[in-house]
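Student: here is a sequence with its predicted model. Questions after.
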Amino acid sequence: MNSDVFAPWEDPQAKPLIQFQNVTKRFGDFTAIDNLSLDIFEKEFFALLGPSGCGKTTMMRMLAGFETPTEGHIMLGGQDIDPIPPNKRAVNMMFQSYALFPHLSIWENIAFGLRRDNMPKRDLEDRVEEMLRLTRLTQFARRKPHQISGGQRQRVALARSLAKAPKLLLLDEPLGALDKKLRQDTQFELMDIQEKTGTTFVIVTHDQEEAMTVASRVAVMDQGQLMQVATPDRIYENPNSVYVADFIGDVNIIEGRATANGEDTYQIDWAEGQAPLTATSAKGFARGQACHLAIRPEKVTISADRPADAINAVQGKVHDIAYLGNLSTYHVELPNGTIIKAQTANTRRISRRSFTWEDPVWLSWTATAAVLLAD
Amino acid sequence: MNRLSWFNAVSLTLGFAFLYIPMIILIIFSFNESKLVTVWAGFSTKWYGELVQNEAFLDAAWVTIRVAVFSSTLATILGTAAAYVLVRGGRFFGRTLFSGMIYAPLVMPEVITGLSLLLLFIGIGLDRGILTIVLAHTTFSMCFVSVVVSSRLVTFDQSLEEAALDLGCSPAQAFRLVTLPIIAPAVISGWLLAFTLSLDDLVIASFTSGPSATTLPIKIFSAVRLGVSPEINALSTLMIAVVTVGVITASLVTKRAMMRQKQDEMAAARAE
């Protein structure tokens, strides 16, 4: 690797640990996965993100061996794993329901996979103790799963799936059953454990915040296809489609027609009687091509007067205010009825807020703030 | 605790009287001194003493117990296997037909089951005896077992089996180490159900038993045709006692397990 930044996907020499090669999976007439190719590298924390029914769980179940591809192949470490049954794969899974064995103690749950490998007694005990320490469960070792809390159960499930030191750990919505605060703590714990063990993690989630927090790369899926695979910041800042921009975070989408206006700069005509907007784009657009301009609300500045140097500025009035405590989102209605959201950090006490309902305001953003997307 | 209203108290008394008066009369008269069943002549346990010395009854009881143990065990194995395939086998061809067919013997008149088994045994030249009764009882009680076990399997979290496979179990190991221990209560109650069904079956046993093997219900029935003796009352009282103790024990065990589980879960919730 050429730098200390972990990015094997940018290194053409790097060999992927997992390769999906033109994988298609059909259930009867329904195509769950549609001719999908994807490389995942060793030590990655890879997130599959998408709405329910997008095929992310099917991808995970194919990796675990519970489903086989209808067409195409999945390679693990260069080996085609399609004919290998789940019990013979160096892949372990943490189930959404945790699937802890209710009749066994926490200790026996963690030892379960090791016993199947006929590990010597001493080594087995050491390994279980190590896993208990890693997940801070030592004092609960003798309890049964129903005698511990939800958060502890989640850690038992993680310890059990990590005990066999798999090449690849699959996590199916691992934090879905926890409440928000516990979930946030656990996300960092997961990252910590992933780093300590050096295991490759593939996580399935529908929670975009969770995917962005934990993952080194995120794959956004829809209807059995990969929409975009990139690092969290690229997914957020440079979405490649309206779908991805809209799925990840909050966004304003303005439809219009692009006209080139200098190198990598375009003018977007978007509404009758409104001045055209300006945006930069590395991607080329033909003259008059229909396009979407995606602007994140936090990149839109709200002010009482038109900022003198603003490239893009529109006037409207405050239609609604969503107060989130740390942030406020202003829904500003433009004269033609379009609503544009602008977000500001509440650095002042709310009583000193500058704008209120029905106030006329100006919204402005720079030429590089928005992403220009093709139809 | 609420007091019962006048109306509810009467309904309760009437209902339970209807259910239990015949049995109570039977129990009372089993302690009757007199040989005449309907005339009370003072308290005595002599009929119990005579019962213990009645070879024919003891033989029949021994046959009944052996038949019940073997048939309920066989029925439990077959019924559990059938339930497992029907619940877990996925959508194979004819699944709906098979699951319908497994319940059909539940409502089949016993006379017909008994007669068809008799014809089968004669047809294949199997001498009627303990073996034929065991086979017959297995046939009609395995569907009860599979009903009980499949209702448990339906609510069984399939990811538990997948987790076992994922951790290195072969499918057979996953069943033995994970599925079976978890569904064990249902399998055991299936076995108990099959056992009691076999214990008190008269119709099917009388079709499929031979001169070498007579079960207790057949013995009692034929003895009663010659007149009810206090000995029969004593025998029936013993059977009632056995069944009562069994039912009470089973329900106490289940209740205690449920209460412990509830306490554990509450403790876990507090620890959160």
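Tutor: Arrived safely.
Student: all the helices of the chain, residue numbers only.
Tutor: Because you didn't say which chain, this covers chain A. A:56-64, A:106-116, A:121-134, A:150-162, A:180-197, A:208-214, A:232-237, A:242-247 (DSSP state H).
Student: wait, chain B was what I had in mind.
Tutor: B:6-30, B:46-53, B:55-88, B:95-107, B:110-123, B:130-154, B:158-166, B:171-174, B:180-199, B:203-208, B:216-225, B:230-271.
Student: from the contact counts, what lies against the fifth one?
Tutor: It stands for helix B:110-123. Applying 3 or more Cβ pairs under 8 Å, 6 or more residues apart in numbering or on different chains; DSSP states H and E, we find helix B:110-123 packed against helix B:130-154, helix B:203-208. Where you see a C-beta, it was placed from the backbone N, CA and C, and this is true even at glycine.
Student: compare the helices of chain A and give me the one nearest chain B.
Tutor: Distance to chain B, taken as Cβ to the nearest Cβ, is lowest for helix A:106-116 among the helices of chain A, at 3.4 Å.
Student: re earlier: so which of the helices and strands packed on helix B:110-123 comes closest to residue B:229?
Tutor: Among these, helix B:203-208 comes nearest to residue B:229, with 20.3 Å by Cβ to Cβ.
Student: helices or strands up against the closest one?
Tutor: Applying 3+ Cβ pairs under 8 Å, 6+ apart, we find helix B:203-208 packed against helix B:110-123, helix B:130-154, helix B:216-225.
Student: lowest-confidence stretch among those?
Tutor: Lowest mean pLDDT within the helices and strands packed on helix B:203-208: helix B:216-225, at a mean of 88.
Student: returning to what we had before: same list, the helices and strands packed on helix B:110-123, but as a markdown table with distance to residue A:198 and mean neighbour count please.
Tutor: Below are the helices and strands packed on helix B:110-123 laid out as a markdown table (distance: least, Cβ to Cβ, whole Å; neighbours: other Cβ atoms under 10 Å in any protein chain shown):
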| stretch | distance to residue A:198 | mean neighbour count |
| --- | --- | --- |
| helix B:130-154 | 40 | 22 |
| helix B:203-208 | 65 | 22 |
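Student: nearest to residue B:266, out of these?
Tutor: Of all those, helix B:130-154 comes closest under Cβ to Cβ, at 24.4 Å.
Student: angle of the closest one against helix B:110-123?
Tutor: Angle, helix B:130-154 to helix B:110-123, by axes from the mean of the first three to the mean of the last three Cα atoms, to 10 degrees: 130 degrees.
Student: just checking, what packs against helix B:130-154?
Tutor: Judged by 3+ Cβ pairs under 8 Å, 6+ apart, the packing partners of helix B:130-154 are helix B:55-88, helix B:95-107, helix B:110-123, helix B:180-199, helix B:203-208.
Student: and the closest residue to residue A:199 other than its chain neighbours, bridged to which residues?
Tutor: Computed as Cβ to Cβ, 6 or more residues apart in numbering or on different chains, the closest residue to residue A:199 that is not its neighbour in sequence is residue A:169, at 5.1 Å. Legend: beta-bridge partners of residue A:169 under DSSP bridges are residue A:92, residue A:201.
Student: got a list of what residue A:169 touches?
Tutor: A:91, A:92, A:93, A:94, A:161, A:162, A:199, A:200, A:201, A:202 (Cβ atoms under 8 Å, 6 or more residues apart in numbering or on different chains).
Student: now swap in residue B:213 and tell me
Tutor: For residue B:213, the contacting residues are B:63, B:67, B:128, B:129, B:130, B:133, by Cβ under 8 Å, 6+ apart.
Student: pLDDT at it, what is it?
Tutor: 85.
Student: try residue A:74
Tutor: Confidence at residue A:74, expressed as pLDDT, is 95.
Student: how many neighbouring residues does it have?
Tutor: Burial of residue A:74 is recorded as 21 neighbouring residues (other Cβ atoms under 10 Å in any protein chain shown).
Student: residues touching it, list them.
Tutor: A:18, A:19, A:20, A:21, A:23, A:62, A:63, A:80, A:81, A:82.
Student: quick check: the second one touching residue A:39?
Tutor: This points to residue A:19. Yes: under the criterion of Cβ atoms under 8 Å, residue A:19 makes contact with residue A:39 at 5.5 Å.
Student: find the centremost residue of chain A, please.
Tutor: residue A:211 (3.1 Å; Cα atoms, centre = their mean).
Student: can you pull the contacts of the nearest residue to it once chain neighbours are set aside?
Tutor: Leaving aside its chain neighbours, residue A:211 sits nearest to residue A:47 (3.8 Å; criterion: Cβ to Cβ, 6+ apart). By Cβ under 8 Å, 6+ apart, residue A:47 lies in contact with A:202, A:203, A:204, A:205, A:210, A:211, A:214, A:215, A:217, A:218, A:219.
Student: hey, what's the last one bridged with?
Tutor: Beta-bridge pairing for residue A:219 (DSSP bridges): residue A:48, residue A:229.
Student: over to the fourth one?
Tutor: According to DSSP bridges, the partner residues bridging residue A:205 are residue A:49.
Student: from residue A:228, how far out is it?
Tutor: In this view, residue A:205 and residue A:228 are 16 Å apart by Cβ to Cβ, to the nearest Å.
Student: same check on the third one?
Tutor: When distance is defined by Cβ to Cβ, residue A:204 is 17 Å away from residue A:228.
Student: run the chain-centre distance for stretch A:70-78.
Tutor: The gap between where stretch A:70-78 is centred and where its chain is centred comes out at 24 Å by Cα atoms, centre = their mean, to the nearest Å.
Student: what residues of it count as buried?
Tutor: The neighbour-count check on stretch A:70-78 (16 or more other Cβ atoms under 10 Å in any protein chain shown) flags A:72, A:74, A:75, A:76 as buried.
Student: mind picking the two most distant members of the residues you listed?
Tutor: Based on Cβ to Cβ, the longest span within the buried residues of stretch A:70-78 runs between A:72 and A:76 and measures 14.1 Å.
Student: low-confidence bits of the chain, can you list those?
Tutor: The chain I'm using is chain A. Within chain A, the stretches with pLDDT under 70 are A:1-4, A:350-352.
Student: switch to chain B, that's the one I care about
Tutor: Low-confidence segments of chain B (pLDDT under 70): B:1, B:268-272.
Student: so who does residue A:161 touch?
Tutor: Applying Cβ under 8 Å, 6+ apart, we find residue A:161 in contact with A:92, A:93, A:94, A:169, B:166, B:167.
Student: do that again at 6 Å, thanks
Tutor: Contacts of residue A:161 were listed using Cβ atoms under 6 Å, 6 or more residues apart in numbering or on different chains, and they are A:92, A:94, A:169.
Student: return the residues in contact with residue 82.
Tutor: Using chain A here. Counting by Cβ under 6 Å, 6+ apart, residue A:82 has contacts A:68, A:73.
Student: nope, chain B please
Tutor: B:102, B:146.
Student: over to residue A:297?
Tutor: When contacts are counted by Cβ under 6 Å, 6+ apart, residue A:297 is found next to A:250, A:329, A:341, A:342, A:343.
Student: let's see 8 Å
Tutor: Each residue near residue A:297 by Cβ under 8 Å, 6+ apart is listed here: A:250, A:251, A:252, A:329, A:341, A:342, A:343.
Student: over to residue A:107?
Tutor: A:128, A:132, A:141, A:142.
Student: neighbour count added to these, as CSV?
Tutor: CSV is the format used below for these (neighbours: other Cβ atoms under 10 Å in any protein chain shown):
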residue, neighbour count
A:128, 23
A:132, 21
A:141, 16
A:142, 10
